[in-house]
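S.K.: Sequence and predicted structure are below.
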Amino acid sequence: MRRRSWPIVVACVAVAPVAAAIVLVAGHDVRRAEAARPLFARDRDYVGASACRACHPDRYASWRRTFHASMTQLPDERTVRGRFDGQSVTLFGATATPYQRDGKFFFQLPAADGEGPREAEVALAVGSRRYQQYFERTDGADGTAYRRLPLLWHIGEARWLHINGVFLEPDDDDWSPRPAVWNMNCVFCHNTGIAPGLKPVGDSGDKRWDTHVADVGIACESCHGPGRDHVALYASPFARYRTELASAGARAVVDPLRLGQAESAALCGQCHAQRLPDPMDKLWTFLDTGPTFRPGGLLAGHVKPLSRDLPVPPPGDPDMFKQRFWSDGTARLTAYEYVGLTQSPCFRGGKFSCTSCHTMHAGDAAGQIAPARIGDNACTQCHVAIARDVGAHTHHAPASSGSRCVECHMPRIVYGVLEIHPSHRVEVPDVARDVEGGRPNACTLCHADRDAVWAADRMRDFWGARYRRPSARPGGAPLDVPEALVSAHAGDPLQRAVYVTALGRADSAVPAAARGFMLANALVGLGDGYGAVRFLAWRSARELDRALGLGVGDDLAAYDVQAARAVRDPALQALLHRFADAAHARLPAPPDGAFVAPDYHLQIDRIRPLLGLQRDHVISVGE
């Protein structure tokens, strides 16, 4: 560069802060424009994510790519994932029609809850990864509330589903029983800087909603804390430089990577732990001005994470919390990841926390795993000796799923959003403990053709005499048949959901050509009394048919898991016959004990008693 150019460069650098200040003062203020919308209010300590963008454009961009950022959205052509094309949808015995008008999104809903057919306009969209739910705005005596509508859009399957068949609850044709109110439920975890605003109206004893948020979606201040002081501190370039030079700890905002273990985990635990106010009399504070926890602190004194043995506040069902955990206290629903983390021996070591594996600003948005922690690296970052010879530790081929740390120590036994997820309780597998407790076992999730006794014997062979055989299964189902199959038929709805999903996994230990019996048993799940179990069985059946090449994929695609029984039952009978004919002609004989005859027809006389055991395991759990 020529010498005379330097004054120009210096002048440009010097004037840049001034130019930025002019834009901030005189230009379009995104924060103020957003806050002018009725749902937004930033009159407390929150400033909104748009205030972070000017100074942290790379962090802002990486956050925008996450599903946290789009957890709640105002509806428009960009944010709404559902197909509002005017085509009618018939599910659980009634018909609705999603459509657009004047750039807005509507449902024509059938008669329900004593009311006739009506039109409902979408005011909020919640979710953007697996499925998207829709809420309408209602204005009445209880203020402005946002109530959930009965249809949701499943993004992966590109189809409408009814909420009745999404949660782990028995079939119900009533279109009116679950109008969840966003203001008192979803708002707490799916938004930032919330004030539900449930306030008394005069002396009448009535209360009204006046809900506001700093950001729809999970934004910067959910993890870094309210940013008003930070923005004020850094508004002046001179104050910024003075602060940076004086102290790295005086930024007036939280850096999650500089927190202690418990405080770091609490950032995620404020939402990834279903919880009660601590103490309970804080409930009315939460419903008015919002949760009292702020990033950088501990959860204790603000909220108490749920556990299996936590008493249910009256007048709730005393078993409500128990149904959300396996018998040993391990969570079996999503949004309990913090509970699993804190139960883990790794956590008690004093270093392990959420950020040991996850990151908000890098990697694949689907799991938000730090690139350097993908796969076994999440565990071998600490367990270095095991990484040197994985096969010696696992007694499985190093490249197989049996040598993947997560498959054994964080097995896929957690239900949520029509999917089965890894547990966040890092633990050592134990067949006897799991089978006797009515809990899925890591070994038989993969070895779908093996019984529990076989799995326990292999553990003893590999890792010592402390591993014993299970003595019995809850309900008395036999131990000498494949554990995956008996649990898929006789278990409670969560066991059935876990195992019908496991039948369809591509990395199963059963050779691909020998999985015909797995498809036969997955088809049994299409007759389940829980719509969510049917959906997971249907998805596994499609995966198995693709792998086996039996040609029943079109029949499976046409089978609607949310159709009325009068439609589903004949379709399932025809599907079972077509499958048996194709499998008998193309596949080797199934193994003994797999509930399938040599001609691939189901052994109904052996399956029926197992199905009868479901009567002892009726549960109902939402998310």
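M.R.: Here it is on my side, so go on.

S.K.: What ranges does the stretch 101-250 of the chain have for its strands?
M.R.: For the stretch 101-250 of the chain, applying DSSP state E, counting those that start in this stretch gives strands covering 104-109, 118-121, 124-126, 131-140, 143-148, 151-154, 159-162, 191-192, 199-200, 207-208, 215-216.

S.K.: Mind listing what's buried along the second one?
M.R.: Judged by neighbour count using 16 or more other CB atoms under 10 Å, the buried positions of strand 118-121 are Ala120. (Each C-beta comes from the backbone N, C-alpha and C, glycine too.)

S.K.: Likewise for the longest one?
M.R.: By neighbour count on 16+ other CB under 10 Å, the buried set for strand 131-140 is Tyr131, Gln132, Gln133, Tyr134, Phe135, Glu136, Arg137, Thr138.

S.K.: picking that back up, which of the strands of the stretch 101-250 of the chain sits closest to Ala583?
M.R.: strand 159-162 (27.4 Å; CB to CB).

S.K.: Figure out the length between the terminal residues of stretch 111-119.
M.R.: 11 Å (CA to CA, to the nearest Å).

S.K.: For that stretch, list every residue counted as buried.
M.R.: Result for stretch 111-119 [16+ other CB under 10 Å]: buried residues Ala112.

S.K.: how about the closest residue to Arg275 other than its chain neighbours, phi and psi?
M.R.: Using CB to CB, 6 or more residues apart in numbering and skipping residues adjacent in sequence, the residue nearest Arg275 is Val303, 4.0 Å away. Taking degrees, to the nearest 10, you get phi -140, psi 160 for the backbone angles of Val303.

S.K.: Could you identify which of the strands of the stretch 101-250 of the chain has the lowest mean pLDDT?
M.R.: Per-stretch mean pLDDT for these is lowest at strand 199-200 (a mean of 92).

S.K.: Just list what it packs against, helices and strands only.
M.R.: Packing partners of strand 199-200 (3 or more CB pairs under 8 Å, 6 or more residues apart in numbering; DSSP states H and E): strand 207-208.

S.K.: mind running it again at 10 Å?
M.R.: Packing partners of strand 199-200 (3 or more CB pairs under 10 Å, 6 or more residues apart in numbering; DSSP states H and E): strand 207-208, helix 283-289.

S.K.: average model confidence for the longest one?
M.R.: Summarised as a single mean, pLDDT over helix 283-289 is 95.

S.K.: what does that helix contact?
M.R.: 44, 183-184, 188, 194-200, 207, 209-211, 276-277, 291-293, 302-303, 313 (CB atoms under 10 Å, 6 or more residues apart in numbering).

S.K.: Now, the residues you listed that are in helices?
M.R.: Applying DSSP state H to the contacts of helix 283-289, the entries found in helices are Phe188.

S.K.: The contacts of helix 283-289, buried ones only, as a ChimeraX selection?
M.R.: The ChimeraX command for the buried members of the contacts of helix 283-289 (criterion: 16+ other CB under 10 Å) is given here:
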select :183,184,188,194,195,196,197,198,207,209,211,276,277,291,293,302,303
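
S.K.: The helices and strands packed on strand 199-200 into a markdown table, with extra columns for distance to Val417?
M.R.: Shown next, in a markdown table, are the helices and strands packed on strand 199-200 (distance: least, CB to CB, whole Å):
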| stretch | distance to Val417 |
| --- | --- |
| strand 207-208 | 31 |
| helix 283-289 | 24 |
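
S.K.: so which of those gets nearest Ser620?
M.R.: Of all the helices and strands packed on strand 199-200, helix 283-289 sits nearest to Ser620, with 23.4 Å by CB to CB.

S.K.: As TSV, the buried residues of strand 131-140 with distance to Arg308 would be great.
M.R.: Below are the buried residues of strand 131-140 laid out as TSV (distance: CB to CB, whole Å):
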residue	distance to Arg308
Tyr131	28
Gln132	31
Gln133	28
Tyr134	33
Phe135	31
Glu136	35
Arg137	37
Thr138	36
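
S.K.: Just give the closest residue to Val312, not the sequence neighbours.
M.R.: Leaving aside its chain neighbours, Val312 sits nearest to Met320 (5.0 Å; criterion: CB to CB, 6+ apart).

S.K.: swap that for Lys351, please
M.R.: Gln261 (6.3 Å).

S.K.: Make sure that neighbour is actually in contact with Phe347.
M.R.: Yes: using CB atoms under 10 Å, Gln261 is in contact with Phe347, at 7.6 Å.

S.K.: Overlap of the contact sets of the two?
M.R.: Ser353, Ser356.

S.K.: quick one: which of those two has more around it?
M.R.: Neighbours were counted for Gln261 and for Phe347 using other CB atoms under 10 Å; Phe347 has more, 21 against 16.

S.K.: which residues does that one contact?
M.R.: So Phe347 contacts Gln261, Ala262, Ala265, Tyr338, Gly340, Leu341, Ser353, Ser356, His424, Arg425, Val426 (CB under 10 Å, 6+ apart).
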